[in-house]
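quick check, what structure comes out for this input:
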Amino acid sequence: MSPERVVVTGGAGFLGSHVCEALLAEGAEVVCVDDFRTGSRENVPDGVGVVAADVSRPLDLLGPVDLVLHLACPASPADYLRMPLDTLRAGGFGTYHALELARRKGARVVVASTSEVYGDPEEHPQRESYWGHVNPIGPRSVYDEAKRFGEAMTVAFRAEHGVDAGIVRIFNTYGPRMRANDGRMIPTFLRQALAGEPLTVHGDGLQTRSLCYVDDLVRGLLAMARSDHPGPINLGNPAEVTVLDVARKTIEVTGSSSVVRHVESMTDDPRRRRPDITLAQEVLHWRPTVPLEEGLRSFAREFAG
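Take a look at the predicted model:
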């Protein structure tokens, strides 16, 4: 059964806009809360109510709320390195206000965490029981630690206030509505390939990622919303691929004449990243179905057009 009224923080962003679209298709009334610093009004589907607000401030929404999906946070390195304090506020104050809204309204709330809570992992693949290997003062720490703190806040609200709260840990996700200057790997590779520029690969390119197409990720997130599971639950594609292979595949699917150019490694860049999705399969009956090549081709068509 679909919830009647859903609040999506960050609903004008890449992932949030797809979530709003899926909820509308299910017949829900959807309210997008966004300050549009990294999201775009053009992403918000017709029929979605829009509240222009900063989630780091209290959320005073009138009327009933059945579900809160807290997705608001700068998620690309280009954004969180440019806005370190705003990123910490979104993960700290923003998570508090989303949880407090759910508490006041008696709503289910799902908080979007990240695979970055695992840092540069010493366990592979990463299970939800793994505590992580994170540099708390490195350049990526504003995002990593904001999400780790947000998880702690979610657990505390569940324990102290009995809020029906769940946590999902989202691994690398890609698809339409990512910005060309997003700074994340796939839109960067597509922009470079379509412009005939060299694809910049940091380090040797043998570091691995697990890439989930956005339609698959949205299905998993909504499955979590319909459940009463507290999480955390990993959502991502367990198919592991090297960054170098992703670059080569991008050149292939775009028919580009670009070449790969290796540049300096990024600080604290994880060497391996792959989710164990056993829990998602067992509890949510979810697993991704879109292969990387199919997802890349679909995204490339939208990106070029």
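
for the residue at the greatest distance from the centre of the chain, which non-adjacent residue is closest in space?
Largest separation from the mean C-alpha position in the chain: Ser257, at 31.0 Å (C-alpha atoms, centre = their mean). In space, and not counting its chain neighbours, Ser257 is closest to Gly196: 5.9 Å by C-beta to C-beta, 6 or more residues apart in numbering. No exception for glycine: its C-beta is placed from N, CA and C like everyone else's.

distance from the chain centre to the stretch of helix or strand Lys147 belongs to, please.
Assigned by DSSP states H and E, Lys147 falls within helix 141-161. Centre-to-centre, helix 141-161 and its host chain are 16 Å apart (C-alpha atoms, centre = their mean, to the nearest Å).

can you tell me what sits against it?
Applying C-beta atoms under 8 Å, 6 or more residues apart in numbering, the contact partners of helix 141-161 are 73-75, 77, 80-81, 84-85, 87-88, 90-92, 94-96, 99-100, 102-103, 109, 111, 113-114, 116-117, 119, 132, 134-136, 163-167, 230, 232.

what strand or helix carries Thr87?
Thr87 belongs to helix 84-89, assigned by DSSP H and E.

ok, now which ones touch the residue nearest the centre of the chain?
Most central in the chain under C-alpha atoms, centre = their mean is Ile170, positioned 5.3 Å from the mean C-alpha point. Ile170 is in contact with 15, 112-115, 217, 221, 235-236, counting by C-beta under 8 Å, 6+ apart.

could you give the angle of the helix or strand following the helix holding Lys147 to helix 141-161?
Next along the chain after helix 141-161, taking DSSP H and E as the criterion, comes strand 165-170. Taking axes from the mean of the first three to the mean of the last three C-alpha atoms, to 10 degrees, one finds strand 165-170 and helix 141-161 inclined to each other by 160 degrees.

which strands border the helix or strand that strand 165-170 is followed by, and is each parallel or antiparallel?
Next helix or strand after strand 165-170 toward the C-terminus (DSSP H and E): strand 173-174. Strand 173-174 has its sheet partners listed here by DSSP bridges as strand 212-213 (parallel).

got a list of contacts for the partner strand?
171-175, 235-237, 288, 290, 294-295, 298-299.

now the strands for the stretch 101-250 of the chain?
Using DSSP state E, counting those that start in this stretch, the strands of the stretch 101-250 of the chain run over residues 108-114, 165-170, 173-174, 199-202, 208-210, 212-213, 233-235, 240-242.

ok, Met224 - how many residues close by?
25 (other C-beta atoms under 10 Å).

what residues does it make contact with?
110, 166, 168, 231, 233, 235, 284.

how about a cut-off of 7 Å?
Met224 makes contact with 110, 166, 168, 233, 284, according to C-beta atoms under 7 Å, 6 or more residues apart in numbering.

let me know the closest of those residues to Ala247.
Of all the contacts of Met224, Val168 has the smallest distance to Ala247: 28.2 Å, by C-beta to C-beta.

can you tell me how far Gly47 is from Ala223?
23 Å (C-beta to C-beta, to the nearest Å).

more neighbours, the two?
Ranked by neighbour count (other C-beta under 10 Å), Gly47 and Ala223 place Ala223 first, with 18 against 10.

how about the more buried one, what does it touch?
Taking C-beta under 7 Å, 6+ apart as the definition, contacts of Ala223 comprise 284, 286.

and what of the one 10 residues further on?
Residues near Ile233 by C-beta under 7 Å, 6+ apart: 128, 168-169, 224, 279-280, 283-284.

kindly recompute the last result at 8 Å.
Contacts of Ile233 (C-beta under 8 Å, 6+ apart): 128, 166-169, 224, 279-280, 283-284.

bridged to it, which residues?
With DSSP bridges as the rule, Ile233 is bridged to Val168.

distance of the nearest residue to Pro291 once chain neighbours are set aside from Gln207?
Nearest residue to Pro291, sequence neighbours excluded (C-beta to C-beta, 6+ apart): Ala239, at 7.8 Å. As judged by C-beta to C-beta, Ala239 and Gln207 stand 15 Å apart.

and Pro291, by the same measure?
Distance, Pro291 to Gln207, using C-beta to C-beta: 21 Å.

neighbour count: those two, which is higher?
Gln207 (19 against 12).

now the helices for the stretch 151-300 of the chain?
185-194, 214-226, 243-254, 278-279, 292-304 (DSSP state H, counting those that start in this stretch).

and if you look at the stretch 1-150 of the chain?
According to DSSP H, counting those that start in this stretch, the helices that the stretch 1-150 of the chain contains are 14-25, 77-82, 84-89, 95-105, 141-161.

appreciated, that's everything.
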